[in-house]
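Undergrad: fold the stuff below for me.
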Amino acid sequence: MTIRCCLTCLLVLSALAGFSQVTVDAGRVKGPLSKMFNECVGAGRANEGLRADWQRQLRFVKDALGFRYIRMHGLLTDDMGVYSEDRNGNPLYNWQYIDQLYDFLEEIHIRPFVELGFMPQALASGPKTIFWWRGNVTPPKDYQKWSNLIEALVRHWVERYGEDEVARWYFEVWNEPNLKDGFWTGDQAEYFKLYAATAQAIKTVSRRFKVGGPATAGNAWVPDFIDFCVRSKTPVDFVSTHTYGVDQGFLDETGSRGTILSKNERSIWGDIRDVREQIDRSVYPRLELHYTEWSASYTPSDPIHDSYHEAAFILDKIRKTGTAAGSMSYWTFTDIFEEAGPRFTSFHGGFGLINYEDILKPAFFSYKYLNQLGPFELVSSDPSSWACKDEHGGIQFLFWNFTNTSPGDSINDQVYYKRDLPSRSLGARNIVFVHLPPGDYTLSVYKTGYRCNDPYTTYLDLGAPAQLTRQQVASIKAHNDDAPVLRKTVTTKGEYRLTLDMRENDVYFVKLVRQ
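TA: Model (predicted):
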């Protein structure tokens, strides 16, 4: 028997009084498992997608985590070379960089969730930009030229990939236009004008293509947006918006703002359910709802993104969201992310599931375990878990404890999650699998938590060096490689019991594979 990550694992054959217990009934199928959790994932900007390291990481993430769509900023920004004008003001289109990026996405079988923005400088009505890479956030100076650009680009995609393929994409108009000092210099009415022009241009190519918005920060504008589409008879196929696990602020362009993880138990999932209800009460109650950004924090410098706490946070929020959203796009898959410019340290609180050196963060393992769940959800007595089975009779049980240990307003994340934070013991968890087909199984148990798939704490043990050597990177990876904490062959006549030690913010993934 192999024991890893300071875990005490006890296998027992009889009931154990006094232990917290959960029953997994292999004979009771609840229904098909919703896969909305890995429908889509975020990335920083389109130009980063031309980099070899970005592409290497996305290929790996696609294979390991199963994401089917990817969304990113800056598709039309000048560093993608899409739009210019000749000396007479006639538009010049160049799809070269977009083709390189989208051909790669096609190669690895991940589709674009197309965010249409920001404004090409030659088409912009003003000089205002955002981020180190200077995305222009002003309305078009000529709406007809904007519409022509969108129509020409969509027609190019149809020619290159086929109408049936493009009909499976999503077209989202702009990003967070409600942040007037950030992503959009116009007001709400100006955004609705942009949306209408864009939606009509897309639908001119094919009525089958899916377009939506308002892509707002903080769950904003949804009833107003739907009402506008109804009154103006503007096409709309889905609603998109964003939410983060903090109570104040929506944008940190420089990565220098202090943030505090919300103590509101309904953060994230409460927002999503509330917006779903807004849609349900509208004239268009069947509109899809997509959260095209979400995470614990909206700043690219929040150490909770690197912490083991993030793994349980992710699972808690996704589980409680249920089926209220069609997708929840985690922001982002990689720390190759340059809104505030290139970063200087390996662990800087970046959004990614993976850091620059391909080190897998605890958040990565949450999605890894989710992606390994079987297609059929089982009835389970534990609300902080998923129990599933596959076509071969194998059982997967994913469970966790999420405890928000943040002190709240007395200290921000940039101080609290920056340090070594040992987790508190919660005692033993007794898991009872019942109605298993008799026979032999391979039992495998995986864990993510404090000092287990916890590379940030390993990094602290190394003295938190500003730059990691190759040997240090290799050492961090070796100590956090998701090797099973327990693997054994077990025999059952229909019932099997397993007891595991549980600590705050632990995540366990248990697999029973029939031999």
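Undergrad: residue nearest the centroid of the protein?
TA: In the chain, the centroid-proximal residue (Cα atoms, centre = their mean) is Tyr330; its distance is 1.3 Å.
Undergrad: so who does it touch?
TA: Contacts for Tyr330 were tallied using Cβ atoms under 8 Å, 6 or more residues apart in numbering; they are 41-42, 294-295, 314, 353, 363, 367. Bear in mind the C-beta positions are built from the backbone N, C-alpha and C, glycine included.
Undergrad: what about 7 Å?
TA: The contact partners of Tyr330, by Cβ atoms under 7 Å, 6 or more residues apart in numbering, come to 41-42, 294-295.
Undergrad: give me phi/psi at the residue lying closest to Phe397 once chain neighbours are set aside?
TA: Sequence neighbours aside, Val510 is the residue nearest to Phe397 in space, at 4.4 Å (criterion: Cβ to Cβ, 6 or more residues apart in numbering). Val510 adopts backbone torsions of phi -110, psi 130, taken as degrees, to the nearest 10.
Undergrad: show me what Val510 bridges to in the sheet.
TA: Phe397, Val445 (DSSP bridges).
Undergrad: is it true that it touches Gly394?
TA: No - look at Val510 against Gly394 with Cβ atoms under 7 Å: they stay out of range, at 11.0 Å.
Undergrad: neighbour count for the two, which is higher?
TA: Set Val510 next to Gly394 and count neighbours by other Cβ atoms under 10 Å: Val510 wins out with 24 against 16.
Undergrad: check what pLDDT that one gets.
TA: In this prediction, Val510 carries a pLDDT score of 98.
Undergrad: for it, give me its contacts.
TA: Contacts of Val510 by Cβ under 7 Å, 6+ apart are 397, 431, 445, 498.
Undergrad: if we go to 10 Å?
TA: By Cβ atoms under 10 Å, 6 or more residues apart in numbering, the residues touching Val510 are 24, 369, 385, 387, 395-399, 431, 433, 443-447, 484, 486, 498, 500.
Undergrad: ditto for Trp294
TA: By Cβ under 10 Å, 6+ apart, the contact set of Trp294 is 42, 241-245, 268-269, 271-272, 314, 317-318, 321, 325, 327-331.
Undergrad: separation between it and Ala324?
TA: Here the criterion is Cβ to Cβ, to the nearest Å. By it, Trp294 lies 12 Å from Ala324.
Undergrad: same check, this time on Met72
TA: To Ala324, Met72 is 24 Å away according to Cβ to Cβ.
Undergrad: next, Tyr93: phi, psi?
TA: Main-chain torsions, Tyr93, degrees, to the nearest 10: phi -110, psi 140.
Undergrad: excluding chain neighbours, what is closest to it?
TA: Nearest residue to Tyr93, sequence neighbours excluded (Cβ to Cβ, 6+ apart): Ala152, at 5.6 Å.
Undergrad: give me the element the spatially closest residue to Pro362 that is not a sequence neighbour is part of.
TA: Distance criterion Cβ to Cβ, 6+ apart; nearest residue to Pro362, sequence neighbours excluded, is Ala311 at 3.9 Å. Using DSSP states H and E, Ala311 sits within helix 309-321.
Undergrad: so for that helix, what gets flagged as buried?
TA: Neighbour counts over helix 309-321 (16 or more other Cβ atoms under 10 Å) mark 309-321 as buried.
Undergrad: quick check: next helix or strand after the lengthiest strand in the chain?
TA: Secondary structure of the chain per DSSP state E: the longest strand is strand 20-32. Using DSSP H and E, the helix or strand that follows strand 20-32 in sequence is strand 40-45.
Undergrad: could you say what helices and strands that next one packs with?
TA: When contacts are defined as 3 or more Cβ pairs under 10 Å, 6 or more residues apart in numbering; DSSP states H and E, strand 40-45 packs onto helix 52-65, strand 69-73, strand 111-116, strand 288-295, strand 327-330.
Undergrad: closest to Gly374 out of those?
TA: Relative to Gly374, the nearest member of those by Cβ to Cβ is helix 52-65, separated by 16.0 Å.
Undergrad: could you check the angle that closest one makes with strand 69-73?
TA: Angle between the axes of helix 52-65 and strand 69-73 is 150 degrees (criterion: axes from the mean of the first three to the mean of the last three Cα atoms, to 10 degrees).
Undergrad: show me where the stretch 201-350 of the chain has its strands.
TA: 210-216, 238-244, 288-295, 327-330 (DSSP state E, counting those that start in this stretch).
Undergrad: the first one packs against which elements?
TA: This points to strand 210-216. In terms of contacts (3+ Cβ pairs under 10 Å, 6+ apart), strand 210-216 is packed against strand 111-116, strand 170-173, helix 188-205, helix 222-232, strand 238-244, strand 288-295.
Undergrad: residues in contact with whichever helix or strand comes after the first one?
TA: So the one you mean is strand 111-116. Downstream of strand 111-116, the next assigned helix or strand under DSSP H and E is strand 129-130. Identification of contacts with strand 129-130 by Cβ under 10 Å, 6+ apart yields 73-74, 77-78, 118-119, 121, 135-138, 175-176, 179, 181-184, 251, 253, 339.
Undergrad: any idea which helix or strand comes after strand 129-130?
TA: Taking DSSP H and E, what comes next after strand 129-130 is strand 135-136.
Undergrad: can you list the residues that contact that following strand?
TA: With Cβ under 10 Å, 6+ apart, strand 135-136 has contacts from 45, 73-74, 76-79, 117-130, 175, 183, 185, 339.
Undergrad: keeping just the C-alphas, turn whichever helix or strand comes after it into CSV.
TA: Downstream of strand 135-136, the first helix or strand assigned by DSSP H and E is helix 143-161. C-alpha atoms of helix 143-161 as CSV (Å, rounded to 0.1, in the frame of the first residue of the first chain):
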residue,chain,number,x,y,z
TYR,A,143,-20.6,51.8,-37.8
GLN,A,144,-21.0,50.8,-41.4
LYS,A,145,-17.3,50.0,-41.6
TRP,A,146,-17.6,48.1,-38.4
SER,A,147,-20.5,46.0,-39.7
ASN,A,148,-18.7,45.4,-42.9
LEU,A,149,-15.6,44.2,-41.0
ILE,A,150,-17.7,41.7,-38.9
GLU,A,151,-19.5,40.4,-41.9
ALA,A,152,-16.3,40.0,-43.9
LEU,A,153,-14.7,38.1,-41.1
VAL,A,154,-17.6,35.8,-40.5
ARG,A,155,-17.8,35.1,-44.3
HIS,A,156,-14.1,34.3,-44.2
TRP,A,157,-14.7,31.8,-41.4
VAL,A,158,-17.5,30.1,-43.4
GLU,A,159,-15.2,29.8,-46.4
ARG,A,160,-12.4,28.4,-44.3
TYR,A,161,-14.2,26.1,-41.8
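Undergrad: list the helices and strands helix 143-161 packs on?
TA: strand 83-85, strand 91-93, helix 96-107, strand 111-116, helix 163-166, strand 170-173, helix 188-205.
Undergrad: got the angle between it and helix 96-107?
TA: Angle, helix 143-161 to helix 96-107, by the same axes, to 10 degrees: 40 degrees.
Undergrad: am I right that Val275 is in contact with Val239?
TA: Yes - in this structure, Val275 is within contact of Val239 by Cβ atoms under 10 Å, at 7.3 Å.
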